[in-house]
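In: heads up, no residue letters with this:
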């Protein structure tokens, strides 16, 4: 019997291309091979093919925010695209595989429709052929998936032990045996049989290494180097309200031995030429002593800094000590992905987020001192968020040597945050495909979609300024903001919405960003720009007003006045968004307002009235 495992394409406004390696399917394939089952993998995303397609009708409200052709570095997204093999090619690849059973991965709820379309193609080709679906979305919405007419079985939890049992049962015609297999749902005469829970494997050391021989390793690269994913543990004991990983992997922290991890890395290096290892654990550093031992073993086996390590799934700063940061740097981590989520203590409690902002800052400081680049993530639009809180978190990261990663909240079924959204009536449509970051799906009385879009654009603006600081050859000290955005190719005046401007040459992204930054800083307006005509001796651009919230921009300018913004690579380079004089003036106004309030009986220590002045 032959099984074809499929990773579907995705359709969205963007794709994270460096994180598409289907490591979950590779684990399943290895277990199937170990059981003597022939298996093939069809990774529909292992291609550079992409196609611009029509925006789905239910996404039409986004067109006002996503304008094709926008050249601003502060833009969000442009075209809605199909990323991966075209549907007709997928059909032909399924047909050519001559598989007896089809397994479809449905990892993310926003893309469940693509997974179901793959299932529909498989059924159209052979209605009698069993179609199995598994993945995080299936664990979140088992009944919805199993009720689809093109899905015969669903797999909950981890499938390395259970999928081979199902395939053997199907091969032997023993469908009655399916009921005894943990984690499988099935149908009989239209009736759904849903499992109570999925299978969780206590001893993950017993699993065979992922069947990387079934994919082309040259398809998965970063900077021209072959990249592979490494899973050293499964499960996360934390209870973050917005996280759904527990639905699939549980909350028990389960580990592999250090020798087992090193053996897999050696195999990847020797057989598949892997140079970069992306550790995709749910919580790699939960056990810091174990993490340090793995890093020490990697250095002993491969040499200090001889391989590159990543953790693109993110690492919790709550579980990183300053000595562990040093160990990570020595071993091969050149960058860190850390999730702040929010700098607000009350919001941290509301989301059950471990750790503290002060500890997070110490980790960032240590990593910067070690020369590591960082992306730090904030979540915009959580059910209990406020504009004040989100801006404070953004400005908190603005003042640190990190790239700001804005993650827009969406409600995943099965999570506490999803329940909160349901109870508060925040989910206005039952369509789960809308629950994706690019849709800005959740609005509350505290913020609108337009507010969230504006916050997202502000982070893009700040990251642009950070990139300009990184580009300075001197790289140390304070830089004048106007000098950072200056260029002989752009005029001194501020661009105006609705106007067209002709230039003798095509503008660079840095020149466009510097010019549009003047409008934001001076007139509190977010502008877009597009190239409307390119002639032999001139390029004509049209400037237009972006959809943005004036209130959010105003509040940002008030909060950010005089604050320092640091580079990422050149973290000793910094600038200020507004002149120091403006900061002093604002602080003075705040002082006198506070003084009036104090005289009116609203007591406040005079020492606190000057807190608005940045000591730096």
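Out: It's in. Remember, predicted model here, so these are calculated numbers, not experimental data.
In: from here on, contacts and neighbour counts on C-alpha atoms
Out: Noted.
In: tell me the bridge partners for the residue nearest in space to the middle of the chain.
Out: With the centre of the chain defined as its mean C-alpha position, the nearest residue by CA atoms, centre = their mean is residue 407, 6.5 Å away. Applying DSSP bridges to residue 407 yields these beta-bridge partners: residue 379.
In: for the closest residue to residue 239 other than its chain neighbours, helix, strand, or coil?
Out: Leaving aside its chain neighbours, residue 239 sits nearest to residue 352 (6.2 Å; criterion: CA to CA, 6 or more residues apart in numbering). The three-state assignment at residue 352 reads coil, by DSSP: H, G, I helix; E, B strand; the rest coil.
In: does residue 352 touch residue 237 like I think?
Out: No - Residue 352 lies out of contact with residue 237 (CA atoms under 8 Å); the separation is 11.8 Å.
In: which phi and psi does residue 503 have?
Out: Dihedral angles of residue 503 (phi, psi; degrees, to the nearest 10) stand at phi -130, psi 150.
In: which residues of this structure score low on pLDDT?
Out: For the chain, the stretches flagged by pLDDT under 70 are 578-616.
In: quick one, domains of it?
Out: Structural domains annotated on the chain: 2-49+84-193, 204-468, 583-610, as defined by automatic domain parsing.
In: do you know which of those domains lies nearest residue 65?
Out: Distance to residue 65, taken as CA to CA, is lowest for domain 204-468 among the domains of the chain, at 7.7 Å.
In: and that closest one, end to end?
Out: Taking CA to CA, to the nearest Å, the first and last residues of domain 204-468 lie 46 Å apart.
In: now swap in stretch 268-281 and tell me
Out: Between the opening and closing residues of stretch 268-281 there is a gap of 17 Å (CA to CA).
In: what do you get for stretch 64-80?
Out: For stretch 64-80, the separation between the terminal residues is 13 Å (CA to CA).
In: name the residues that touch it?
Out: Taking CA atoms under 8 Å, 6 or more residues apart in numbering as the criterion, the residues outside stretch 64-80 that touch it are 11-14, 52-55, 453, 456-458, 460-461, 464, 509, 512-513, 516, 527-531, 546-547.
In: so which of those residues sit within strands?
Out: In this view, those that belong to strands under DSSP state E are 11, 12, 52, 527, 528, 529, 530, 531.
In: and which of the residues you listed is nearest to residue 150?
Out: Proximity of the ones in strands among the contacts of stretch 64-80 to residue 150, judged by CA to CA, is greatest for residue 11, which lies at 20.1 Å.
In: hang on, that closest one packs against residue 81?
Out: Yes - at 5.5 Å, residue 11 and residue 81 qualify as touching, with contact defined as CA under 8 Å.
In: hang on, the earlier thing: filter the contacts of stretch 64-80 down to the buried ones and hand me the PyMOL line.
Out: Per 16 or more other CA atoms under 10 Å, the buried members of those correspond to this PyMOL selection:
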select buried, resi 11+12+13+14+55+453+456+457+458+460+461+464+512+513+516+527+528+529+530+531+546+547
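In: can you report how many residues lie near residue 442?
Out: The number of residues packed near residue 442 is 25, by other CA atoms under 10 Å.
In: please renumber the chain so that the first residue is 12 from this point on.
Out: Got it, first residue is 12 now, which makes that one residue 453.
In: which residue packs closest to it, ignoring adjacent ones?
Out: By the measure of CA to CA, 6+ apart, the closest residue to residue 453 outside its immediate chain neighbours is residue 437, 6.2 Å from it.
In: and if you look at residue 53?
Out: In space, residue 53 comes closest to residue 17 once its chain neighbours are excluded; the distance is 4.8 Å by CA to CA, 6+ apart.
In: what helix or strand is that neighbour located in?
Out: Under the criterion of DSSP states H and E, residue 17 resides in strand 13-18.
In: just to revisit the earlier point, and the ones in strands among the contacts of stretch 75-91, which is closest to residue 74?
Out: Relative to residue 74, and with distances defined as CA to CA, the nearest of those is residue 23, at 13.1 Å.
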